[in-house]
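A.B. asks: Task: produce atomic coordinates for the following.
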Amino acid sequence: MRDDLVGSCSQYLPVGDTNLKILLGSHFFTPSVGGVETVSRLLAEHWSRLGHEVIVITTTLASSDEFPYSVIRRPTAIRLLKLIKWADVFFQNNISLRTAWPLAFTRRPWFVTTATWLDSTDRRTGWRIGIKSLALRRAKNIYISRAVAAHVGLPGCLIPNPYDAEIFQRQTDLPQDLDLVFVGRLVSQKGVDILLHALAQLATRGLRPNTTLIGDGPEETELRRLATELRLADQLVFAGPRQGADLARLIARHRIMVVPSRWAETFGVVALEGIACGCAVVGSVEGGLTDAIGPCGLTFPNGSSDALAEVLAGLLSGDCQQISRFLDNAPAHLAKHAPGTIARRYLEIFAQSSGTSL
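C.D. replies: Residues are numbered from 1 along each chain as shown. I've put the predicted structure just below:
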């Protein structure tokens, strides 16, 4: 995609004291766990802290959590129409046709952040992709990475994802005494088997880094079998799913985070979380993961255990100066993804398009 089709948002007005009424559509939301859920929560929290009135609509069923903003789960058609009429801005964190239809009857500034690929592996839903692509021509488009912008192919604004800076940070009271960590679902697309085959190659070079796998999923049994077959069981820990501060503290004990995704990630908030906790990051090169890693790690071709082994061997057998340089780059890189910074960038474009005087 041509660079001139993607703006940095720097041309928009600074945020002042005028409050906006923001309707945030997030198909998935807490207690569901995932990147979209995390970003939606962070944006809603920071907009509320800045004095804006925020209502979240979602299909995710109720939780016992309390929020400093309203969360309406599975609103009726009448209520949805009233909410869009109420809002100064309707923002969708990923387009949802289920909640966009009232815009055919009520004109409101409509912003859509595309955070996933529009393509579908399920051919039965192919017609939905076509409709979404057409609908996005009427929206004010925001992209989380240049790879996603190129995929959609419409003019828009580039705003990367934030990470939870209050949870993910260096833990000065903990030793960084472990080597490699993976965080994610134990499913094929996340490429844990690629990491295991790379570890087997490292073992032939006399390198046996201890490795923690954080997460669960349908392939855990097969991955345990593969680890035994490759004679890696004594250096692996299947730590199960972790969240919040418990997850951050475990990540912070490791020197290197590995994100070996087989598919092209659209961004990769987990990389930011690893960097914030003091890890250098090694991730697959396709998609938007390179944006998330930035100058704080290295990449390798998707699906190549040979290439991953080479990168890890260089980091593990080196004198740690390269890892130190990556960590030196972390503060400036993380500042660009701080939740407050990202929330304000959104507000800048909301304010101008809603006609609000700031």
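A.B. asks: Do you know the pLDDT at the spatially most central residue of the chain?
C.D. replies: Per C-alpha atoms, centre = their mean, the C-alpha nearest to the average position across the chain is that of residue 269, at 3.4 Å. At residue 269, the model reports a pLDDT of 96.
A.B. asks: so who does it touch?
C.D. replies: Residue 269 makes contacts with 35, 38-39, 161-163, 292, as judged by C-beta atoms under 8 Å, 6 or more residues apart in numbering. The C-beta positions use only the backbone N, C-alpha and C, and glycine is treated the same way.
A.B. asks: If we use 6 Å, what do you get?
C.D. replies: Contact analysis of residue 269 by C-beta atoms under 6 Å, 6 or more residues apart in numbering lists 35, 161, 163.
A.B. asks: And the residue nearest to residue 340 when sequence neighbours are not counted, what's its pLDDT?
C.D. replies: Nearest in space to residue 340, with sequence neighbours left out and distances taken as C-beta to C-beta, 6 or more residues apart in numbering, is residue 46 at 5.6 Å. Note for residue 46: predicted pLDDT of 97.
A.B. asks: Can you verify my assumption that residue 46 contacts residue 339?
C.D. replies: Yes - using C-beta atoms under 6 Å, residue 46 is in contact with residue 339, at 5.3 Å.
A.B. asks: sorry, back to before: ok, now how distant is the residue nearest to the centre of the chain from residue 224?
C.D. replies: 27 Å (C-beta to C-beta, to the nearest Å).
A.B. asks: just for the chain, where's the confidence low?
C.D. replies: Along the chain, segments meeting pLDDT under 70 span 1-17, 120-127, 319, 353-358.
A.B. asks: Can you show me the helices along it?
C.D. replies: In the chain, the helices defined using DSSP state H lie at 35-49, 77-86, 97-100, 126-135, 146-152, 192-203, 220-229, 244-251, 269-276, 289-293, 305-317, 321-335, 339-354.
A.B. asks: Let me have the ones you listed in CSV, adding distance to residue 65 as columns.
C.D. replies: As requested, those are arranged in CSV below (distance: least, C-beta to C-beta, whole Å):
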stretch, distance to residue 65
helix 35-49, 10
helix 77-86, 20
helix 97-100, 21
helix 126-135, 30
helix 146-152, 29
helix 192-203, 30
helix 220-229, 28
helix 244-251, 12
helix 269-276, 20
helix 289-293, 27
helix 305-317, 38
helix 321-335, 26
helix 339-354, 18
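A.B. asks: ranking these by burial, who's on top?
C.D. replies: Most buried of the helices of the chain, by mean neighbour count (mean count of other C-beta atoms under 10 Å): helix 269-276, with a mean of 27.
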